[in-house]
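Asker: no sequence for this one, just the structure:
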């Protein structure tokens, strides 16, 4: 048969669109051409395939070979199509049975010796392959990642000859069983390690329970970074669906599997990071820090040190939970439902209000002005972290609940939210806020007075109500009380001027 069809998949954001590799042998001068929007690495596959076939003692047809990667309008990049092209050439030249290829999807890069090399973005391919009902043939080094998809029959090989022996029925390869990693691992610290700072710990618990954004302001060394790094220790472990989404993003980014897949990711980019590094991009769009923090935490330390134009790109993803990267050829969507935790000093020197501070009012104003009002508006909890008294530091005694106890309260509060609205409080719509965050007349009067005095926007108004609802959920209270509302307002008073 002079025509063979092999199924494979491209990498397009966190999606894996189907690609059909059509190989046709015809009479004419020997040569090989690839059509269907291949980029440079794909065009170079003809040399890798030819050498791999010859070095594994297959015949390379001395005919005109035309390879079509369909659909033609979908860009193809990388070496992931090598194995599919090689099998297509072998099937078209009747060296392997072509009728068996329809049962499989194939990805993998070929070495000149015929060895299979790993490729990026395997998990989205495996998930999509499982939905199609076909088995997936891929390099053994990608097998663990692909096996995370419980619906996919994964066949892993290390060499082209192994794949051909399997297709010929001579030496069938046993499919891998679905495997997931440990449910939850070490998160890098415990809340009980922190001395004092009870209000900051309480704010972290509220932020974790409702998925709210949080800003710490305080002098250097007061524990802001330590507090932020403990947030993942009190967040609930990821559900199966969330884990697969996070793993797929890391797979597309070429970062492989995280050590503890069920732990929420924690990303902490340096303040010199560019806007592209933060939200993603490039000529071939790749996920940025906000997508790598999907279903987890994005921690921005020294927030005013980030360029303002870099911080402004966070505004839309904070609202929508995704980022759309537009390029000339296409648009790529990456999920970005992250929780923003930020830390900053109150002034350039960091010691505002003490005798050590030498900053002028103009310097302080320019420093705080680096963070725009619209961005601050999207941060639900804004609190000061004061220095600890010297006697507390000398005593060195830690107090408060451990992360496990706090996590149990957080999970109980989240379960109440999911039962009531199907989502956490931070993601409630305005209609859901009106339905689930009802206030009595005295509470409305207090909140109206706070809105007028602080000049809060409608967005800030709704975010205060969401925080109030979370505090009530932590108290296992069906109704919002005045204490819940006043505590929520207290987390916006100091930094809202």
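Answerer: On my side now, so go ahead. All values reported here derive from a predicted model rather than from experimental measurement.
Asker: helices along the stretch 1-150 of the chain, start to end?
Answerer: Listed in chain order, the helices of the stretch 1-150 of the chain (DSSP state H, counting those that start in this stretch) span residues 40-43, 45-55, 82-92, 122-132, 143-146.
Asker: over to the stretch 301-450 of the chain?
Answerer: 308-312, 315-320, 361-368, 373-377, 390-395, 403-421, 430-436, 441-454.
Asker: hmm, who's touching the third one?
Answerer: Which is helix 361-368. Residues from elsewhere that reach helix 361-368 (C-beta atoms under 8 Å, 6 or more residues apart in numbering): 304, 346, 347, 348, 352, 359. For glycine as for every other residue, the C-beta is placed from the backbone atoms N, C-alpha and C.
Asker: if we use 6 Å, what do you get?
Answerer: 304, 347, 348 (C-beta atoms under 6 Å, 6 or more residues apart in numbering).
Asker: any chance of JSON lines for the helices of the stretch 301-450 of the chain, columns mean pLDDT, mean neighbour count and distance to residue 290?
Answerer: Below are these laid out as JSON lines (pLDDT from 0 to 100; neighbours: other C-beta atoms under 10 Å; distance: least, C-beta to C-beta, whole Å):
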{"stretch": "helix 308-312", "mean pLDDT": "92", "mean neighbour count": "15", "distance to residue 290": "11"}
{"stretch": "helix 315-320", "mean pLDDT": "93", "mean neighbour count": "16", "distance to residue 290": "5"}
{"stretch": "helix 361-368", "mean pLDDT": "89", "mean neighbour count": "13", "distance to residue 290": "24"}
{"stretch": "helix 373-377", "mean pLDDT": "91", "mean neighbour count": "15", "distance to residue 290": "13"}
{"stretch": "helix 390-395", "mean pLDDT": "65", "mean neighbour count": "10", "distance to residue 290": "36"}
{"stretch": "helix 403-421", "mean pLDDT": "95", "mean neighbour count": "17", "distance to residue 290": "22"}
{"stretch": "helix 430-436", "mean pLDDT": "93", "mean neighbour count": "14", "distance to residue 290": "24"}
{"stretch": "helix 441-454", "mean pLDDT": "91", "mean neighbour count": "13", "distance to residue 290": "28"}
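Asker: could you dump these into CSV and include distance to residue 242?
Answerer: Below are the helices of the stretch 301-450 of the chain laid out as CSV (distance: least, C-beta to C-beta, whole Å):
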stretch, distance to residue 242
helix 308-312, 26
helix 315-320, 17
helix 361-368, 36
helix 373-377, 26
helix 390-395, 38
helix 403-421, 13
helix 430-436, 21
helix 441-454, 33
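Asker: out of those helices, nearest to residue 256?
Answerer: helix 315-320 (24.3 Å; C-beta to C-beta).
Asker: so how far is residue 414 from residue 40?
Answerer: 48 Å (C-beta to C-beta, to the nearest Å).
Asker: need the helix or strand of this protein with the lowest average pLDDT.
Answerer: Confidence across the helices and strands of the chain bottoms out at helix 390-395, with a mean of 65, counting by mean pLDDT, DSSP states H and E.
Asker: sorry, back to before: most packed of the helices of the stretch 1-150 of the chain?
Answerer: Counting by mean count of other C-beta atoms under 10 Å, helix 82-92 has the highest mean neighbour count of those, with a mean of 27.
Asker: check the offset of it from the chain's centre.
Answerer: 34 Å (C-alpha atoms, centre = their mean, to the nearest Å).
Asker: residue numbering should commence at 364 henceforth.
Answerer: Shifting the count to begin at 364 puts that one at helix 445-455.
Asker: domain parsing for this structure?
Answerer: 366-531, 554-782 (automatic domain parsing).
Asker: would you turn these into CSV with distance to residue 827?
Answerer: CSV is the format used below for the domains of the chain (distance: least, C-beta to C-beta, whole Å):
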stretch, distance to residue 827
domain 366-531, 34
domain 554-782, 8
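Asker: worst average pLDDT in the ones you listed?
Answerer: The minimum mean pLDDT among the domains of the chain belongs to domain 554-782 (a mean of 89).
Asker: start to end distance for that domain?
Answerer: 28 Å (C-alpha to C-alpha, to the nearest Å).
Asker: rewinding a little: can you lay out the helices of the stretch 364-513 of the chain as TSV showing distance to residue 474?
Answerer: Listed next are the helices of the stretch 364-513 of the chain as TSV, based on distance: least, C-beta to C-beta, whole Å:
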stretch	distance to residue 474
helix 403-406	14
helix 408-418	7
helix 445-455	9
helix 485-495	18
helix 506-509	17
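Asker: so which of those helices is nearest residue 741?
Answerer: Judging those by C-beta to C-beta, what sits closest to residue 741 is helix 485-495, at 29.6 Å.
Asker: the closest one - contacts with which helices or strands?
Answerer: Packed against helix 485-495, as judged by 3 or more C-beta pairs under 6 Å, 6 or more residues apart in numbering; DSSP states H and E, are the following elements: helix 506-509, helix 603-615.
Asker: and the last one with helix 485-495, angle?
Answerer: Helix 603-615 and helix 485-495 meet at an angle of 130 degrees, taking axes from the mean of the first three to the mean of the last three C-alpha atoms, to 10 degrees as the criterion.
Asker: distance from helix 603-615 to the middle of the chain?
Answerer: On C-alpha atoms, centre = their mean, the centre of helix 603-615 falls 7 Å from that of its chain.
Asker: output the contacting helices and strands for that helix.
Answerer: helix 485-495.
Asker: next up, phi/psi of residue 741, please.
Answerer: phi -90, psi 0 (degrees, to the nearest 10).
Asker: also residue 577?
Answerer: The phi/psi pair for residue 577 (degrees, to the nearest 10) is phi -140, psi 140.
Asker: over to the one 5 residues further on?
Answerer: Listed backbone geometry of residue 582 is phi -70, psi 160, with angles given as degrees, to the nearest 10.
Asker: identify all contacting residues around the strand ranked longest in the chain.
Answerer: For the chain, the strand reaching the highest residue count under DSSP state E is reported as strand 381-389. Strand 381-389 is contacted by residues 365-369, 371-373, 424, 426-433, 447-448, 451-452, 455 when judged by C-beta under 6 Å, 6+ apart.
Asker: who does it pair up with?
Answerer: In the sheet, strand 381-389 lines up against strand 366-372 (antiparallel), strand 427-433 (antiparallel) (DSSP bridges).
Asker: tally of neighbours for residue 847?
Answerer: 22 (other C-beta atoms under 10 Å).
Asker: just the buried positions in the one helix or strand it maps to, please.
Answerer: Using DSSP states H and E, residue 847 falls within helix 845-853. Residues of helix 845-853 classed as buried by neighbour count (16 or more other C-beta atoms under 10 Å): 847, 848, 850, 851, 852.
Asker: one more: stretch 519-529?
Answerer: 519, 520, 522, 523, 525, 526, 527, 528, 529.
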